[in-house]
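K.L.:
need a structure here:
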Amino acid sequence: SGKPLSPLWSYKAPDAIHSSPVIAQGLVFFGCDNKQVYALDALTGDRRWRFGTKAPVEASPLLRGGRLYIGATDGDFYALNAATGREIWSYRTGGKVAGAANRAVLPDGTEVILFGSYDANLYCLTASQGTLCWKYTTGSYVNGTPAIVAGDAGATTGPARAATLPAAAGRVVIGGCDNRLHIVALATGRGEASVDLGSYVAASPAVADGVAYIGQYAGRLLAVNLDHHATIWKFSQGDHPFFSSAAVAADRVVFGGRDRQVHALDRATGRECWSFTTRGEVDSSPVIADGKVIVGSDDGRLYILSLKDGRELWSYRVGPGIATAPAVVADPQGTLIVVTTDDGTVQAFAGRFLAPRRPN
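P.N.:
Residues are numbered from 1 along each chain as shown. Here you go, the predicted model:
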C-alpha cells in the first residue's frame with residue numbers, strides 16, 4: 001500500500017552497533033560499541049547528543065516519560081534525560097546488561113523499570129530514583145527483555161485452549177541461560193514458577209492472551225501457558241538456534257532463525273504457515289505492522305514480507321549484517337523505518353508504505 005520506501009538518511013557510527021534503535025519524540029536512540037549512547041534527529045540523521053558510558057552498549061533503549069533507560073556491558077544501568085542526554089541516575093549490577101528494559105507499575109502505584117543482567121538477576125528499580133525494589137535470581141545469564149503481564153489481563157484465552165485459571169496480580173516473564181522460562185510476581189519478585197525450555201535462551205519472550213512464545217538455542221520455539229506453567233506446543237526446524245524474539249499477530253507468531261529463514265506459525269497449533277529464506281542468519285527480531293513483517297538479515301538486507309503468505313514485498317541492501325530489530329513508525333505523514341548494522345551504519349527509510357497507526 002502507498003509509495004515504496006526509499007533511503008532518507010544514513011549515519012555512520014565509529015564502531016559496531018548491536019543495539020536495536022528506538023524512534024520517539026522526533027529522535028532515534030541507540031547504543032554503540034564505542035561506549036556511547038546516541039540520539040539522532042529522526043528526519044535528518046543529525047546527531048543531537050551522545051552520552052559516554054564506561055563500556056560498549058549492546059542493549060536497546062527504553063523510552064518512557066521523557067527518560068531513556070539503557071544498560072551497558074560493564075553492568076551499569078542508566079536513566080538519561082531523553083531530550084539532553086544528561087544522566088539522571090545510574091545503578092550498578094554485577095554483570096553485563098544485554099537486553100532492553102521494560103516498564104511496569106506496582107500495586108501501590110510505584111512506576112518501576114525491570115531488566116536482566118549477566119549476574120543472573122532480574123532487577124526491579126524505581127523509575128524515579130533507581131532504587132532497588134527487588135531482584136530475582138535465576139540460574140545463569142539473563143539476556144532478553146522481560147515481558148510484563150498485567151494483573152487485569154484476565155484468565156488465559158485464545159491459543160492456549162485450556163481450562164482458565166484466575167490471572168495473578170501482575171507477572172514478569174523472562175527466559176534465561178539456565179534453560180528456563182521464569183514467571184515472577186511483579187509486586188514482590190517472588191518466583192511463581194519456572195518452565196524447562198530444553199536449552200538456553202537469548203531471545204525475549206512475547207506474551208499474548210496468557211501465553212508466552214519464546215525461542216531457544218537448540219532450534220525450538222515454544223508456546224507456554226503462563227497459568228498452567230506448561231508447554232502447549234513446540235516448533236522445531238533442525239538444530240539451528242533461534243536468537244530472534246517473536247512478534248505476535250492475531251493468529252500468527254513470526255520470528256527469525258539461524259537457519260536463514262523467517263518463520264510464521266499458527267498461534268493455536270504451532271504449525272508453520274510459511275517460511276521465507278534469506279541469504280544469511282536471521283537474528284533480527286521482526287516487527288509486524290499493517291499486515292506486513294519488517295525484519296533484517298545477516299545478508300545485510302532489510303525485508304518487508306506479507307504477513308499472510310510470506311511473499312517479499314520490498315527489500316534493500318543496507319550493507320553489512322543486520323542482527324538488530326528495526327524501528328518502525330507509521331503516521332499520517334508517512335512511514336519511517338530505521339535499522340542499525342554490524343559496522344555501525346544507521347539507515348533510515350521513508351515513504352507511505354504502511355497504514356498509519358490508530359490512536360489507542
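
K.L.:
What are the neighbouring residues in contact with residue 20?
P.N.:
30, 60, 100, 285, 324, 325, 326, 327, 340 (Cβ atoms under 8 Å, 6 or more residues apart in numbering). Yep, even glycine has a C-beta here, placed from its N, CA and C like the rest.

K.L.:
Could you confirm it falls within a helix?
P.N.:
No. Remark: residue 20 does not belong to a helix; assigned using DSSP: H, G, I helix; E, B strand; the rest coil, it is coil.

K.L.:
From residue 287, how far off is it?
P.N.:
Going from residue 20 to residue 287 by Cβ to Cβ, to the nearest Å gives 10 Å.

K.L.:
so what sits against both of these two?
P.N.:
With Cβ under 8 Å, 6+ apart, residue 20 and residue 287 have common neighbours 325, 326, 327.

K.L.:
Can you give the distance of the helix or strand of the chain with the lowest mean pLDDT from its chain's centre?
P.N.:
When each helix and strand of the chain is scored by mean pLDDT, DSSP states H and E, strand 327-331 comes last, with a mean of 94. Relative to its chain's centre, strand 327-331 lies at 15 Å (Cα atoms, centre = their mean, to the nearest Å).

K.L.:
likewise stretch 345-355?
P.N.:
19 Å.

K.L.:
Flag the shaky bits of the stretch 251-360 of the chain, pLDDT-wise.
P.N.:
Applying pLDDT under 70 to the stretch 251-360 of the chain picks out residues 358-360.

K.L.:
Please, where are all the strands along it?
P.N.:
If DSSP state E, counting those that start in this stretch is used as the criterion, the strands of the stretch 251-360 of the chain fall at 252-256, 261-266, 272-277, 287-289, 292-296, 301-306, 312-317, 327-331, 334-340, 345-351.

K.L.:
just so I know, which of the ones you listed lies nearest residue 85?
P.N.:
Nearest to residue 85 among those is strand 345-351 (16.5 Å), distances taken as Cβ to Cβ.

K.L.:
my guess is residue 146 contacts residue 117, does it?
P.N.:
No. Assessed by Cβ atoms under 8 Å, residue 146 is found out of contact with residue 117, at 11.4 Å.

K.L.:
and the least confident helix or strand of the chain, which strands flank it?
P.N.:
strand 334-340 (antiparallel) (DSSP bridges).

K.L.:
The partner strand: how far from the chain's middle?
P.N.:
For strand 334-340, the distance to the chain centre is 16 Å (Cα atoms, centre = their mean).

K.L.:
ok, now stretch 204-212?
P.N.:
12 Å.

K.L.:
circling back: and which of the contacts of residue 20 is nearest to residue 294?
P.N.:
If you rank those by distance to residue 294 using Cβ to Cβ, residue 326 comes first, at 5.0 Å.

K.L.:
The closest one and residue 146: what is the separation?
P.N.:
Residue 326 sits 21 Å away from residue 146, going by Cβ to Cβ.

K.L.:
Give me the more crowded residue out of these two.
P.N.:
Ranked by neighbour count (other Cβ atoms under 10 Å), residue 326 and residue 146 place residue 146 first, with 28 against 25.

K.L.:
give the contact list for the more buried one.
P.N.:
So residue 146 contacts 99, 102, 114, 115, 116, 122, 172, 173, 174, 204, 205 (Cβ under 8 Å, 6+ apart).

K.L.:
who wins for neighbours among those?
P.N.:
Neighbour counts for the contacts of residue 146 peak at residue 116, which has 34 neighbours (criterion: other Cβ under 10 Å).

K.L.:
Ramachandran coordinates for that residue?
P.N.:
phi -110, psi 160 (degrees, to the nearest 10).

K.L.:
Chain neighbours aside, what residue packs nearest to it?
P.N.:
The shortest distance from residue 116 to any non-neighbouring residue, by Cβ to Cβ, 6 or more residues apart in numbering, is to residue 142 (2.8 Å).

K.L.:
pLDDT weak spots in the stretch 101-250 of the chain?
P.N.:
152-169.

K.L.:
any idea which helix or strand carries residue 73?
P.N.:
Using DSSP states H and E, residue 73 falls within no helix or strand.

K.L.:
How about residue 89, nearest residue that isn't a chain neighbour?
P.N.:
Leaving aside its sequence neighbours, residue 89 sits nearest to residue 130 (Cβ to Cβ, 6+ apart; 3.9 Å).

K.L.:
so who does the one you found touch?
P.N.:
77, 79, 89, 90, 91, 113 are the contacts of residue 130 under Cβ under 8 Å, 6+ apart.

K.L.:
Show me where the stretch 101-250 of the chain has its strands.
P.N.:
102-105, 111-116, 121-126, 132-137, 147-149, 171-175, 180-185, 191-196, 206-208, 211-215, 220-225, 230-236, 247-248.

K.L.:
could the ones you listed be laid out in CSV, adding distance to residue 260?
P.N.:
Supplementary listing: those in CSV, determined by distance: least, Cβ to Cβ, whole Å:
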stretch, distance to residue 260
strand 102-105, 30
strand 111-116, 28
strand 121-126, 32
strand 132-137, 35
strand 147-149, 27
strand 171-175, 23
strand 180-185, 26
strand 191-196, 28
strand 206-208, 21
strand 211-215, 15
strand 220-225, 16
strand 230-236, 16
strand 247-248, 18
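
K.L.:
Of the ones you listed, give the one that comes closest to residue 72.
P.N.:
Of all those, it is strand 111-116 that lies closest to residue 72, at 11.5 Å by Cβ to Cβ.
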